[in-house]
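*Asks:* return atomic coordinates for the entry below.
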Amino acid sequence: MHRRAVNESDIEAIFDLFGCAEHAAIGRRETTRADVRDLLASPGLDVASRTMVVESKESRLSGFVALHPAPQAGQLRAHLILAPADGATDTARALLHLLDEWALRDAPHPNTPVTMFQLPNCPAHDLITAEGWSIVHSYTRLRVDLDTAEFPEPAQPPLGVQLRVAADDQDRRAVHSVLEDALAGHWNHRRRTFAEFDRDQRQRGSYDAALWWLAEVDGVCAGAVIARDPSERAWIAWLGVLDAYRGRGIGTQLLRTVFRLLRDRGHHSVGVDVDTHNSAGALSVYRAAGMSERGTADQWRKIYAHQPF
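*Replies:* As a prediction, the model looks like this:
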């Protein structure tokens, strides 16, 4: 096996690697080129030292691994993709051991969680388990086809509710505040300051402030959504409605508003990943807005204690 760090010319090959793995697991491609570009542009990812690809004798990629800070403070996020071919187990073992080395160096404190996502029944399931990883959660991917979905125009928000774009820094601070409070009860949420949150959003290649929207109820900020606008498929990055205002259709209206905007920009679909076991009924909100489920992915976790080398 020939191993090396990722370079700028690898995007297409990594895209093909994702497609090969996804077709083998679920019979279709889900990852787009924009997804690959966003992954390699993840905040805090040192591409030169924290990515690796494995090339076969035919110079095709048979594996990819990366490690970077997770959106949740104090955690790390790993990515592992394997081509379903002979030798996949050896490739997986080599990349998991490399991941161990990186995580032990980068763990910010004792007992640092590292998470990664894998499709159910992934080829390396048993090996990943043997290497100390365990499944802790699952997420559901949903998508709406903007070419066939029907959204009332103009939008008719519930009585007393006003939807508007977050037009300035003060509005974006309000979006952040609503999301922090709305998601405070989620098992994996870690609070961040506005500066930290805003910096993370701006580092995304698909950042667009025109896709930050607020819902106000009698002048009180009650809900917010942030969408992203990559070229291949638009995405819902964040959606939250304060507990006191749930059940009024506010989340559905926020989603339909950005769906219309994205359709007007020429997009054909919008996707989102949602906590499968969300206690606030998030899946039903996305379904009510016209989205349908595509499948699930398992969230794996391993705990690392910092061991400086």
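
*Asks:* for stretch 41-48, give me every contacting residue.
*Replies:* For stretch 41-48, contacts defined as Cβ atoms under 8 Å, 6 or more residues apart in numbering pick out 5-6, 40, 51, 66-69, 77, 199-200, 203-205. C-beta coordinates here come from the backbone N, C-alpha and C atoms, glycine included.

*Asks:* list the buried ones in that stretch?
*Replies:* For stretch 41-48, burial by neighbour count (16 or more other Cβ atoms under 10 Å) applies to 42, 45, 47.

*Asks:* just the CA trace of stretch 241-255, in PDB.
*Replies:* Only the C-alpha atoms of stretch 241-255 are listed here, as PDB (Å, rounded to 0.1, in the frame of the first residue of the first chain):
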ATOM      1  CA  VAL A 241     -37.400  26.700  17.500                       C
ATOM      2  CA  LEU A 242     -37.600  27.700  21.200                       C
ATOM      3  CA  ASP A 243     -39.500  25.300  23.300                       C
ATOM      4  CA  ALA A 244     -42.300  27.700  24.200                       C
ATOM      5  CA  TYR A 245     -43.100  28.300  20.500                       C
ATOM      6  CA  ARG A 246     -43.000  24.700  19.200                       C
ATOM      7  CA  GLY A 247     -46.100  23.100  17.700                       C
ATOM      8  CA  ARG A 248     -47.100  26.200  15.700                       C
ATOM      9  CA  GLY A 249     -45.600  25.300  12.400                       C
ATOM     10  CA  ILE A 250     -42.700  27.800  12.700                       C
ATOM     11  CA  GLY A 251     -40.000  25.300  11.800                       C
ATOM     12  CA  THR A 252     -41.900  24.100   8.800                       C
ATOM     13  CA  GLN A 253     -42.400  27.700   7.500                       C
ATOM     14  CA  LEU A 254     -38.700  28.500   8.000                       C
ATOM     15  CA  LEU A 255     -37.800  25.400   6.000                       C
END
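
*Asks:* for it, which positions count as buried?
*Replies:* By 16+ other Cβ under 10 Å, the buried positions in stretch 241-255 come out as 241-242, 245-246, 248-255.

*Asks:* this structure: helices as residue ranges?
*Replies:* Shown for the chain, the helices assigned by DSSP state H span residues 11-26, 33-40, 47-50, 88-106, 125-130, 169-182, 194-202, 250-264, 282-288.
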